[in-house]
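1. Predicted model and sequence follow; I will ask about them next.
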Amino acid sequence: MRIIVTALIALSAMACAERCAPSSEPTNPLEPAVVAPEVPDLISGEERLALLETSKQIFGLLPEPGPDSEELVALGKKLYFDTRLSVNGTQSCNSCHDITGGRLGADTTPTSVGALGEMGERNSPTVVNAGLHIAQFWDGRVATLAEQAKGPILHPKEMAMPNIQAVLDVLSSDAEYTRLFMEGFPGDQDPITYDHIGIAIAVFERGLVSRDRFDDFMGGDAGALADREVAGLKVFIEKGCTACHSGPVIGGRSYAKIGVFAPYRPVLGDGAEIDMGRYNVTGREPDREFFKVPGLRNVTATSPYFHDGRVETIEDAVRLMGELQLGQDLTTEEVTLIVEWLGSLKGVIAY
C-alpha cells in the first residue's frame, strides 16, 4: 500500500510540473472540448485504502473549533442576523452569506445586491469554513474574520451604514445588546465598540465549520464514499488539482493567477475592466489577476463560481479550471467523476 500511496503523490507532483510548463497551443476556455467519454476501471479495495492515506497527507482533517466564550458566540450570532446593521433595516450579514435552511453561507447570485439596490463587484464567498483561510476576501486584503466583518456594514454597496457612530447608536439603544456586550466583554467600561462588533461576529463565524462524508472517509471509514466518488478523487489528485486545492478546506491557503494556460476573459464586452485581483492590494506586477484559491468544501451548493460569479455550473467550473490552470482538456467522464467527488464535500453546520 505504501508503494501505491507514493505513486499517487508522485503522479500529483508530475501533473503539477506539467501545469507550469508552457502551452504549445492556446485553448479557448469558453469552447467545450469535444472528447469521447471514458469509463474508468472500478476502484479496487487496495486503491481505496491507498487514496484514503494519500488524502490524509494532502488534505488533513478539519481542526476542532477552539473553545470560545458562549457569551461572545451569542452576541456574534445576534449581530450576524440583525438587519438593523444596514442603513434601511433590510440586510444583515446573513443576507449575502445565508446559513439558514440548510444553505451553506452563500447567496447563489453572481454578485450580491446591497441595501440600496446596488450590485457588488465580486461574488460573495461562503462564510462557512472561512475562519480556516489564510486571509479574507477574494484579494486577501484583510487578514482576519474580525476585520472582514467590519467592512460590509459601512460599505456603500453593501449594508451602507453612514458611519461607525450610527452603528453604535443603534446597538446602544437596545437593552439586550447592552447586556450581551457587557457579558461578552466583562470588565470593559465601554463594551459597545466597532472593534468589538467585528470580534463578536468573527467568534460566531469561526464556529461555522462543516463536516462531511469525505471527513468520514479520511477518518478511517473507507466505505464512506461510493466507487465513483473515490474514482473522482483519484482523477482530482492525478490531474494535479491539489497543487492549489489542498489542506483541510481543500484550498483557501494560497493565491493563484486565474488563467495560467489561457486568459480568463468570459463575456466581458468591449471596454470592460479586467479585475486585477490581488494587484489592487499590493501594487506588485506579479500579483495581476491573482486571487485567493477558494476552498472546495460545499462547492456544489455555492454556485455560481469564480470571483465574478460568471460561471453557473460546477461542471463548467471544473472544465475551465482544467483548461485555464492545468492546460488539460478534461474528458466528459473525468469532469463528471470530479464533480461526483466534490459532492461528497457538502456538509452540515450547527449554530
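-> Received, thanks.
2. Now do the strands in this structure.
-> Assigned by DSSP state E, the strands in the chain fall at 255-257, 290-292.
3. looking at those, which is closest to residue 174?
-> Residue 174 sits nearest to strand 290-292 of all those, at 35.2 Å, using CB to CB. Placement of C-beta: from N, CA and C, glycine included.
4. Show me what that closest one packs onto, helices and strands only.
-> Under the contact criterion of 3 or more CB pairs under 8 Å, 6 or more residues apart in numbering; DSSP states H and E, strand 290-292 touches strand 255-257.
5. Quick check: closest non-adjacent residue to residue 100.
-> residue 94 (6.7 Å; CB to CB, 6 or more residues apart in numbering).
6. tell me the contacts of residue 189?
-> By CB atoms under 8 Å, 6 or more residues apart in numbering, the contact list for residue 189 is empty.
7. what residue ranges in the chain are flagged as low confidence?
-> Applying pLDDT under 70 to the chain flags the ranges 1-41, 266-272.
8. got the domain boundaries for it?
-> What the record gives for the chain is the domain set 2-62+211-343, 70-206, from automatic domain parsing.
9. Next one: residue 137 from residue 255, what distance?
-> Using CB to CB, to the nearest Å, we find residue 137 at a distance of 12 Å from residue 255.
10. Quickly note the distance from residue 238 to residue 116.
-> Distance of residue 238 to residue 116, given as CB to CB: 48 Å.
11. do residue 135 as well
-> From residue 135 across to residue 116, the span is 28 Å (CB to CB).
12. Can you mark which positions in stretch 213-224 are buried?
-> In terms of neighbour count (16 or more other CB atoms under 10 Å), stretch 213-224 has its buried residues at 213-215, 217-218, 224.
13. do the same with stretch 329-337
-> Neighbour-count burial for stretch 329-337 flags 330-337 (criterion: 16+ other CB under 10 Å).
14. taking those one by one, which sit in helices?
-> Among the buried residues of stretch 329-337, the members found in helices (DSSP state H) are 332-337.
15. before we move on, the earlier item: so residue 135 and residue 116 - more neighbours on which side?
-> residue 135 (20 against 15; other CB atoms under 10 Å).
16. Just give me the neighbour total for residue 198.
-> Neighbours around residue 198, by other CB under 10 Å: 22.
17. Over to the one 3 residues further on?
-> One way to gauge burial is a neighbour count; for residue 201, by other CB under 10 Å, it gives 26.
18. now do residue 319
-> Neighbours of residue 319 under the rule other CB under 10 Å: 24.
19. mind starting the numbering at 567 from now?
-> Sure thing, new numbering starts at 567, so read that last one as residue 885.
20. Give me the nearest residue to it, chain neighbours excluded.
-> residue 901 (5.3 Å).
21. now what about stretch 786-798, what contacts it?
-> Contacts for stretch 786-798 (CB under 8 Å, 6+ apart): 606, 608-609, 611, 613-615, 617-618, 779-780, 782-783, 799, 902-910.
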